[in-house]
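K.L.:
Quick one, what's the 3D model for this:
(one chain, ligands or ions: 1)
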Amino acid sequence: MESKSDLSSSELPQDQIYCYGELLHTVQMAHLFADSKTFVDRKLKNTPAETIANFQTFMAAKNNSPTQDEIREFVENNFDDLGKEFVPWEPTDWVEHPAFIDNINDPDLKQWGVDLNAIWKDLGRKMIDDVHANPHFYSIIPVDNPVIVPGGRFIEFYYWDSYWIIRGLLYSQMTHTARGMLENFMSIVRRFGFIPNGGRIYYAQRSQPPLLAAMIKSYVEFTKDTQFAVQSLEVLEHEFEYWMNNHTVQAKGYNVCAYGGISPGPRPESYREDIETSKAFVTDAEKEEHYAELKAAAESGMDFSSRWFINDKGEQTGDLTHLKTRSIVPVELNAILHWNAKIIAEFYRLAGNNSKAEEYENKAAKILEAIEAVHWNEEAGVWLDYDLINNKSRNYFVPTNLAPLWTMSYNLNDTEKISKSVLKYIEKLELDKYPGGVPNTLYRTGEQWDFPNVWPPMQYLLIKGLENLGTQESKELSVKWGHRWVKSNFQAYSETRAMFEKYDAERFGGHGGGGEYDVQKGFGWSNGVIIEFLDKYGRNITLPGNGGNDGGKLKMWSVIGITAIAVIAVVVGRLLI
Ligand SMILES: OC[C@H]1O[C@H](O[C@H]2O[C@H](CO)[C@@H](O)[C@H](O)[C@H]2O)[C@H](O)[C@@H](O)[C@@H]1O
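P.N.:
Here you go, the predicted structure:
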């Protein structure tokens with residue numbers, strides 16, 4: 001298999017247009033498009049070499065200072081419209097009435113389940129043959145099988161989003177589509193050495209939380225296709241080693257992993273925005289450090305959040321200029337890698353290779369030891385990120401502080417103790433008080449991964465984590481939050497007929513905002529999470545309008561209603577006597 005170093009030396013001809021260079025700089029700084037991603041998603045009309053030659057001629061003719069209109073004309077002459085790389089595609093394995101719908105009692109929720117299942121058809125993308133024949137005309141990374149994309153501006157696959165999308169597809173009985181996406185990822189690991197953030201070459205210098213092993217495990221659990229598990233081992237092992245070899249840092253004497261990109265310059269898809277924030281820095285070296293921090297935050301999937309700020313006092317208040325992502329050891333990344341090692345060991349057992357299984361069990365045990373030593377914080381009663389600059393735990397809430405519950409990265413003998421401790425932490429922070437779900441942080445910064453935004457994958461992590469913990473109290477809270485999430489998403493859907501990428505903790509049924517782009521609709525991971533939850537909770541949720549309970553409000557109206565009926569009955573009774 002090709003290694004990462006082979007990859008970084010294998011330059012693509014279109015990199016100099018989509019990833020760095022004068023052309024990219026000139027067009028992105030001209031602010032032609034409301035969303036910077038629009039430009040880097042457009043197809044070339046000519047070869048990369050011809051496009052660069054046209055650009056040089058153009059710049060010379062304009063004395064190297066073209067106007068915005070002239071740059072716009074250059075772009076229109078040399079680039080096609082958005083979306084040229086796809087043909088309309090309806091998933092061949094789509095079924096109108098997957099079994100999860102039968103698990104829903106409430107008629108409105110049932111119809112919603114039907115609607116969500118239909119959205120898969122809108123989110124499917126298949127590449128045209130020309131992408132394979134002439135890949136250098138495109139920024140899209142060619143893959144053989146169609147994919148389900150998040151939606152809105154996100155018209156290509158995204159790595160960690162695909163975990164919740166694939167689980168949703170499996171619950172929708174679309175195993176063939178799910179398998180195709182998994183095979184795409186496996187081919188990408190073979191070609192690139194790892195999985196890029198998303199399906200564009202400008203994302204190919206950073207990854208996202210490594211959930212491929214967990215996706216394959218989900219697939220195998222649904223299909224019982226243990227052969228596929230065994231076939232995936234070479235790729236899973238390679239991806240695991242990529243993370244361990246390229247993302248390892250030392251904390252408290254332990255090897256742990258942190259996010260961190262490897263390419264110079266601003267993010268191509270947010271080029272102007274990154275240049276803007278880099279103005280706070282003086283030297284080119286400082287600016288490069290800032291770009292690397294921005295990319296590391298994008299690699300975490302939480303771009304952007306005060307979670308990654310370290311100011312002069314070692315605290316999390318500040319702005320994007322305080323990003324220090326590479327110096328923060330994130331709980332979930334190490335928990336996910338622990339999960340990876342466990343899954344690889346399990347698949348090796350299936351393959352009958354016990355020595356390899358033991359090797360990975362040992363690797364898992366080592367990661368677990370590091371998670372306990374570096375992340376578990378007895379005083380806070382939960383796992384915390386670790387600050388490598390100030391050598392201290394970061395006692396700030398992020399849902400990922402509970403990630404080890406999701407990945408089962410703790411000593412199971414400690415279950416009772418951890419349950420008490422984590423529930424006390426949740427109570428102390430009053431995380432149960434938000435009508436629209438648990439916010440991503442408790443700080444309002446205007447960044448999209450901060451308060452009051454609530455993100456579907458993080459609700460899933462919390463709900464699934466509390467369920468896995470398995471104590472009476474943790475399971476009750478898990479169900480409570482699961483029901484709330486379904487009802488709140490349904491409220492937003494009934495008001496807007498849309499599913500959003502993020503929601504609002506402060507408003508039941510409210511959707512999120514903030515950050516560098518408008519809130520997106522679609523939406524892959526939101527639909528995936530709800531479909532799974534409808535399957536799980538659908539028998540037990542009845543909406544207020546259909547006779548269900550909506551907590552205090554409903555009880556109050558029931559009391560008023562019953563009292564009114566009683567009074568009317570008494571009055572009518574008296575009149576009749
Ligand atoms: O263009 C800005 C950023 O957009 C992506 O990030 C957000 O959307 C992704 C797709 O749903 C999601 O995976 C990520 O968690 C979101 O923050 C992209 O992944 C970033 O790299 C990009 O800079």
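K.L.:
how far out from the middle of the chain is stretch 82-90?
P.N.:
From the chain centre to the centre of stretch 82-90 is a distance of 23 Å (Cα atoms, centre = their mean, to the nearest Å).
K.L.:
typo on my end, it should be stretch 308-323
P.N.:
23 Å.
K.L.:
what's the answer for stretch 153-170, then?
P.N.:
8 Å.
K.L.:
quick one: is that stretch near the ligand?
P.N.:
Yes: interface with the ligand: stretch 153-170 contributes 154, 158, 160-161 (Cβ under 6 Å from any ligand atom). Just so you know, the C-beta spots here come from the backbone N, C-alpha and C atoms, and that holds for glycine as well.
K.L.:
Just send the residues you listed back as TSV, with secondary structure and pLDDT too.
P.N.:
As requested, the residues of stretch 153-170 next to the ligand are arranged in TSV below (DSSP: H, G, I helix; E, B strand; the rest coil; pLDDT from 0 to 100):
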residue	secondary structure	pLDDT
F154	strand	97
Y158	strand	98
W160	coil	98
D161	helix	98
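K.L.:
how far away is the closest residue to G548 other than its chain neighbours from the ligand?
P.N.:
Nearest non-adjacent residue to G548, counting by Cβ to Cβ, 6 or more residues apart in numbering: T542, 3.0 Å away. Distance, T542 to the ligand, by Cβ to the nearest ligand atom, to the nearest Å: 32 Å.
K.L.:
what number of residues lie near T542?
P.N.:
For T542, the number of neighbouring residues by other Cβ atoms under 10 Å comes to 16.
K.L.:
helix/strand/coil for it?
P.N.:
Assigned by DSSP: H, G, I helix; E, B strand; the rest coil, the conformation of T542 is coil.
K.L.:
what about the closest residue to K37 other than its chain neighbours, distance to Q520?
P.N.:
Once flanking residues are discounted, K37 sits nearest to E269: 4.3 Å by Cβ to Cβ, 6+ apart. Noted for E269: a distance of 14 Å to Q520, by Cβ to Cβ, to the nearest Å.
K.L.:
between the two, who's got more neighbours?
P.N.:
Taking neighbours as other Cβ under 10 Å, E269 and Q520 compare with E269 leading, 26 against 20.
K.L.:
Around the ligand, which positions in the stretch 101-250 of the chain sit nearby?
P.N.:
Residues of the stretch 101-250 of the chain found near the ligand (Cβ under 6 Å from any ligand atom) are 150, 154, 158, 160-161, 197-198.
K.L.:
Show the pLDDT at G545.
P.N.:
On pLDDT, G545 comes in at 88.
K.L.:
looking at it, it is touching D108, isn't it?
P.N.:
Yes: using Cβ atoms under 8 Å, G545 is in contact with D108, at 7.2 Å.
K.L.:
Show me which residues of the protein sit near the ligand.
P.N.:
So the chain meets the ligand at 37, 150, 154, 158, 160-161, 197-198, 267, 269-270, 298, 301, 303, 501 (Cβ under 6 Å from any ligand atom).
K.L.:
Go again with 8 Å.
P.N.:
Contact residues, the chain versus the ligand (Cβ under 8 Å from any ligand atom): 36-37, 150, 153-154, 158-161, 197-198, 203, 206, 208, 267, 269-270, 294-295, 298-299, 301-304, 448-449, 455, 457, 501, 515-517, 520, 523-525.
K.L.:
which phi and psi does whichever residue of the stretch 1-150 of the chain sits closest to the ligand have?
P.N.:
With Cβ to the nearest ligand atom as the measure, P150 is the residue of the stretch 1-150 of the chain nearest to the ligand, at 4.1 Å. Here is the backbone geometry of P150 (degrees, to the nearest 10): phi -60, psi -40.
K.L.:
Just give the number of residues close to it.
P.N.:
The number of residues packed near P150 is 26, by other Cβ under 10 Å.
K.L.:
Over to E516?
P.N.:
Neighbours of E516 under the rule other Cβ under 10 Å: 20.
K.L.:
Find the nearest non-adjacent residue to it, please.
P.N.:
Nearest non-adjacent residue to E516 (Cβ to Cβ, 6+ apart): E273, at 5.3 Å.
K.L.:
Assess the claim that that neighbour and G515 are in contact.
P.N.:
No: using Cβ under 8 Å, E273 is not in contact with G515; the gap is 10.0 Å.
K.L.:
what number of residues lie near the closest residue to V189 other than its chain neighbours?
P.N.:
Closest residue to V189 apart from its sequence neighbours, by Cβ to Cβ, 6+ apart: V235 at 4.6 Å. Burial measure for V235: 22 neighbouring residues, criterion other Cβ under 10 Å.
K.L.:
got a list of what the residue of the stretch 301-450 of the chain found nearest the ligand touches?
P.N.:
Going by Cβ to the nearest ligand atom, the ligand is nearest to G301 of the stretch 301-450 of the chain, at 3.7 Å. Residues near G301 by Cβ atoms under 8 Å, 6 or more residues apart in numbering: 160, 208-209, 457.
K.L.:
same check, this time on K536
P.N.:
K536 is in contact with G482, counting by Cβ under 8 Å, 6+ apart.
K.L.:
Show the model's pLDDT score for it.
P.N.:
98.
K.L.:
Help me confirm that it is found in a helix?
P.N.:
Yes: K536 forms part of a helix when assessed by three-state DSSP.
K.L.:
Poorly predicted segments of this structure, please.
P.N.:
Applying pLDDT under 70 to the chain picks out residues 1-9, 261, 549-577.
K.L.:
where exactly do the strands run in it?
P.N.:
Applying DSSP state E to the chain gives strands spanning 86-87, 124-127, 147-148, 248-251, 254-257, 328-329, 376-377, 382-383, 385-387, 392-394, 453-454, 503-504.
K.L.:
Any idea which of those strands gets closest to Q231?
P.N.:
Q231 sits nearest to strand 147-148 of all the strands of the chain, at 20.0 Å, using Cβ to Cβ.
K.L.:
and that closest one, what does it pack onto?
P.N.:
strand 124-127, helix 161-171, helix 175-192 (3 or more Cβ pairs under 8 Å, 6 or more residues apart in numbering; DSSP states H and E).
K.L.:
And the ones you listed: which comes nearest D15?
P.N.:
Comparison of the helices and strands packed on strand 147-148 against D15 by Cβ to Cβ identifies helix 175-192 as nearest, at 13.3 Å.
K.L.:
Please save the CA atoms from that closest one in CSV.
P.N.:
The C-alpha trace of helix 175-192 is given here as CSV (Å, rounded to 0.1, in the frame of the first residue of the first chain):
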residue,chain,number,x,y,z
THR,A,175,-26.9,-1.8,2.6
HIS,A,176,-25.7,-1.7,-1.0
THR,A,177,-25.2,2.1,-1.0
ALA,A,178,-23.5,1.8,2.4
ARG,A,179,-21.2,-0.9,1.2
GLY,A,180,-20.3,1.2,-1.9
MET,A,181,-19.3,4.2,0.4
LEU,A,182,-17.2,1.9,2.5
GLU,A,183,-15.5,0.5,-0.6
ASN,A,184,-14.8,4.1,-1.7
PHE,A,185,-13.1,4.8,1.6
MET,A,186,-11.1,1.7,1.4
SER,A,187,-9.9,2.6,-2.1
ILE,A,188,-9.0,6.1,-0.8
VAL,A,189,-6.9,4.7,2.0
ARG,A,190,-5.1,2.6,-0.6
ARG,A,191,-4.5,5.6,-2.8
PHE,A,192,-3.9,8.4,-0.2
